[in-house]
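Engineer: structural data only, the sequence is not supplied:
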């Protein structure tokens, strides 16, 4: 059998700590398949090129059989040339005590430039995952400035929140995280997100029936997941890296293939107004994926508590969108 043609995969912020974990997971075959050759396109800012060259050396020293070539650059036009997938990781990092809005002005300018470069140089079929925060609004801006690429080809990462939520449920139920399915993250990748366990199952049974603790769900589970990123920063003095890289890998792995028949995943995608969410923002929904195409799961019953949470996170996303567009058009 002939070898598959290599996929060209771009990673921005490639000299950073998330990419340091992410690049091995991509290169190992976990994301795109253990028979899929890869050409890595690594982008970072000019002052980081020395560090990035060191990362390239390490990729070479791993002697990974799927990696056919590595392109290291500080030029988005080179980084995005003919790519099939993009992990947009590079952004100004969140530091202890910072609010997400503090990141907005600087980061949306970065994603405006990257959107323009994607529009000009990437394949129109490229799948773009935005990891850098504020991820939902950065993805929205990136897509806005890449009008020739379909909007459904852009997504924001809320898989980290989903993985965090699954781990919390597994710990509470004294089971393995693989036993938890249909965990949903609604809305923004921020402290307003709504981790919704109402549809989740544990070993095929309703998670709410197994845990059966409404107070724990509202007062412990939801805020723990919402604020987990800040808790990691407080403990580690750095933002989540290993877990973020794993989540990005999980997200793209499903997007390039499918979701299991008995499960769904959470992705920040363009809202079409489903579940009375605001249209025209990048909102996290439960989605199923078949043949690389995502679809929002429809027909779920939401409690009044859930509806309130969706309204709150939707309001924040509209505010972020409006503020970001002012910055970008200034």
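Structural biologist: Sure, I can see it. In this text, all values refer to a predicted model and were calculated from it rather than measured experimentally.

Engineer: can you tell me the element residue 266 falls in?
Structural biologist: For residue 266, the element it lies in under DSSP states H and E is strand 265-270.

Engineer: could you say what helices and strands that strand packs with?
Structural biologist: When contacts are defined as 3 or more C-beta pairs under 8 Å, 6 or more residues apart in numbering; DSSP states H and E, strand 265-270 packs onto helix 135-144, strand 154-156, helix 159-173, strand 184-186, helix 242-255, strand 282-290, strand 293-296. Every C-beta, even on glycine, is put in place using the N, C-alpha and C of the backbone.

Engineer: what does it rub up against?
Structural biologist: 130, 135-136, 139, 143, 151-152, 154-159, 161-162, 183-186, 188-189, 250-251, 254-255, 259, 280-289, 294, 296 (C-beta atoms under 8 Å, 6 or more residues apart in numbering).

Engineer: where does pLDDT dip in the stretch 51-200 of the chain?
Structural biologist: By pLDDT under 70, the low-scoring segments of the stretch 51-200 of the chain are 93-102.

Engineer: please enumerate the strands of it.
Structural biologist: Here the stretch 51-200 of the chain has its strands, by DSSP state E, counting those that start in this stretch, at 67-73, 85-88, 127-130, 154-156, 180-181, 184-186, 194-196.

Engineer: got those strands as CSV, with mean neighbour count and distance to residue 215 columns?
Structural biologist: Output for these, formatted as CSV (neighbours: other C-beta atoms under 10 Å; distance: least, C-beta to C-beta, whole Å):
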stretch, mean neighbour count, distance to residue 215
strand 67-73, 17, 50
strand 85-88, 27, 39
strand 127-130, 26, 35
strand 154-156, 28, 31
strand 180-181, 20, 20
strand 184-186, 26, 20
strand 194-196, 26, 16
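
Engineer: residue 328 and residue 164, how far apart?
Structural biologist: Separation of residue 328 from residue 164 (C-beta to C-beta, to the nearest Å): 31 Å.

Engineer: residue 313 now?
Structural biologist: Between residue 313 and residue 164 the computed distance is 16 Å (C-beta to C-beta).

Engineer: who's more crowded, these two?
Structural biologist: Neighbours per residue, other C-beta atoms under 10 Å: of residue 313 and residue 164, the larger number sits with residue 313, 26 against 23.

Engineer: so what are the domain limits for the chain?
Structural biologist: Listed by automatic domain parsing, the domain ranges of the chain are 7-156, 159-319.

Engineer: ranking those by burial, who's on top?
Structural biologist: domain 7-156 (a mean of 20; mean count of other C-beta atoms under 10 Å).

Engineer: what's the end-to-end length of it?
Structural biologist: Terminal residues of domain 7-156 lie 21 Å apart, using C-alpha to C-alpha, to the nearest Å.

Engineer: quick one: it to chain centroid distance?
Structural biologist: The chain centre lies 12 Å from the centre of domain 7-156; the measure is C-alpha atoms, centre = their mean, to the nearest Å.

Engineer: go on, stretch 223-235?
Structural biologist: 17 Å.

Engineer: switch to numbering from 773
Structural biologist: Yep, numbering from 773; the last one is stretch 995-1007 now.

Engineer: check contacts around the nearest residue to residue 845 once chain neighbours are set aside.
Structural biologist: Closest residue to residue 845 apart from its sequence neighbours, by C-beta to C-beta, 6 or more residues apart in numbering: residue 851 at 5.3 Å. Shown in contact with residue 851 (C-beta under 8 Å, 6+ apart): 782, 784, 813, 814, 815, 843, 845, 889.

Engineer: ok, now residue 1013?
Structural biologist: Counting by C-beta under 8 Å, 6+ apart, residue 1013 has contacts 789, 790, 792, 793.

Engineer: which residues touch the nearest residue to it once chain neighbours are set aside?
Structural biologist: Leaving aside its chain neighbours, residue 1013 sits nearest to residue 789 (4.2 Å; criterion: C-beta to C-beta, 6+ apart). Counting by C-beta under 8 Å, 6+ apart, residue 789 makes contact with 1010, 1011, 1013.

Engineer: dump those residues to a markdown table, plus distance to residue 1044 and pLDDT.
Structural biologist: A markdown table is the format used below for the contacts of residue 789 (distance: C-beta to C-beta, whole Å; pLDDT from 0 to 100):
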| residue | distance to residue 1044 | pLDDT |
| --- | --- | --- |
| 1010 | 37 | 86 |
| 1011 | 31 | 86 |
| 1013 | 33 | 93 |
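
Engineer: nice, that's everything, thank you.
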